[in-house]
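[1] how would this look folded up:
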Amino acid sequence: MHLDEPPTDEPPTDELPRSTRSGHGPTDLSAVRDVSRAVSAAHLFIHLAPESAQEAAELGVTDRGAAYLAFRSAAMGAVPWQVTLAAFYNFSPRAVRAMAGVWDAAPPERWQAARFRAAGRAMRRVEAQLTDSHLAEARSLIDPVIAGADYAGKVLAAANASVVLPGDPLVALWQQITVAREWRGDAHLVVLADHGLGPCDCLVLHTATGGLPTALVRATRRWDDAEWAAATSRLVARGWLDRDAVITEAGRAARERIEIETDQHCAALWEPIGAAGARRLASLIAPIGEAFTVAETRQAARGRQDVA
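    Next comes the predicted model:
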């Protein structure tokens, strides 16, 4: 994919990285969980950063839902909305149909370039800086992970692995982090399906644990009242929610079991650097997520002062 941003001097390739490792990866699943949390924290700011909304508006799209879908699916190219629906799993069809017209506003390559600009601007706004030596070390750890990953069935991870890295070293690291984040997400969908948790069911269970705000999920995933109620009834029948839609001990155990099985899937991803390397990478990229946490705390404090 050719982007508006200048590529690095690394030789581009049209081939996805091929798996160079086999086996079960780090046996220490706590290291897998630690690096997964750090990867998620270092990636997820992109969806709420005002820079993303600004870049989308520059491309002619002001609807936050449509912009989210365009930014996240841009690496796949201008695929039909049904492909995006399949890859994203827990969005309703009506939510994904809202992205109609985004590729008319701008082709995927421009959305990808705009995403990189938003990521770079946002990280520098909150001063999520890494020293040159830490950037180089982080790349020395994550690059073999991305190059050695098995992308079979990992649609969003594979798409992001095919994107040419930008010339900005911090954003290039962030894109590698994005590949790892989407790899775990792709693996998680397999586990959800294995447990018979459909797209709406998994959201109801997740919100019941307090992991996500129900109002935000309902607004962005757009399952209607009847669909949400039907999913809730299915979870009640399984004993994972009680009659008041409160999560049960069995439900909490099931949710944790799903996370553990996802960690087990992801162990192979981190095999090239082992448990020690995974933990070291987690510590190196932690300042990115921490900087956004600090910025959000300060903004909330300013908001309380304004109200007072």
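
[2] Show the end-to-end separation of stretch 190-206, please.
    Stretch 190-206 has its terminal residues 16 Å apart, counting by C-alpha to C-alpha, to the nearest Å.

[3] Now it: buried residues?
    For stretch 190-206, the buried set under the neighbour-count rule, 16 or more other C-beta atoms under 10 Å, comprises 191-192, 195, 197-206. C-beta coordinates here come from the backbone N, C-alpha and C atoms, glycine included.

[4] so which of these comes closest to E127?
    H206 (31.5 Å; C-beta to C-beta).

[5] Can you tell me the SS state at the nearest residue to that closest one once chain neighbours are set aside?
    Nearest non-adjacent residue to H206, counting by C-beta to C-beta, 6 or more residues apart in numbering: L212, 5.3 Å away. Three-state assignment for L212 (DSSP: H, G, I helix; E, B strand; the rest coil): coil.

[6] Over to T293?
    Strictly by three-state DSSP, T293 counts as helix.

[7] Now do the contacts for it.
    A41 (C-beta atoms under 8 Å, 6 or more residues apart in numbering).

[8] Quick check: which ranges of the stretch 51-200 of the chain have low pLDDT?
    Along the stretch 51-200 of the chain, no part satisfies pLDDT under 70.

[9] Now the terminal residues of stretch 148-168, how far apart.
    Stretch 148-168: ends 23 Å apart by C-alpha to C-alpha.

[10] Show me what counts as buried in that stretch.
    Buried residues in stretch 148-168 (16+ other C-beta under 10 Å): 148-151, 154-166, 168.

[11] Surely the residue nearest to H206 touches L205?
    No: in this structure, L212 is not within contact of L205 by C-beta atoms under 8 Å, at 10.2 Å.

[12] ok, now how distant is P80 from W103?
    In this view, P80 and W103 are 10 Å apart by C-beta to C-beta, to the nearest Å.

[13] These two: which has the busier surroundings?
    W103 (17 against 9; other C-beta atoms under 10 Å).

[14] Contacts only, for the more buried one.
    So W103 contacts 70, 78 (C-beta under 8 Å, 6+ apart).

[15] and it, helix, strand or coil?
    Strictly by three-state DSSP, W103 counts as helix.

[16] That one and L59, how far apart?
    W103 is 11 Å from L59, where distance means C-beta to C-beta.

[17] cool, and G185?
    Taken as C-beta to C-beta, the span from G185 to L59 is 25 Å.

[18] in which helix or strand would I find the residue nearest to V155 when sequence neighbours are not counted?
    With sequence-adjacent residues excluded and distances taken as C-beta to C-beta, 6+ apart, V155 is closest to A87, at 4.8 Å. Secondary structure from DSSP states H and E places A87 in helix 81-88.

[19] quick one: buried residues of that helix?
    In helix 81-88, counting by 16+ other C-beta under 10 Å, buried: 81, 84-85, 87-88.

[20] Identify the residues contacting that helix?
    Contacts of helix 81-88 (C-beta under 8 Å, 6+ apart): 69, 72-73, 76, 91, 93, 96-97, 99-100, 155-156.

[21] and what of stretch 122-137?
    With C-beta under 8 Å, 6+ apart as the criterion, stretch 122-137 contacts 45-46, 49-52, 138, 169-171, 173-174, 280, 284-285, 287-288, 290-292, 294-295.

[22] now stretch 46-57
    62, 64, 67-68, 70-72, 114-115, 117-119, 121-122, 125.
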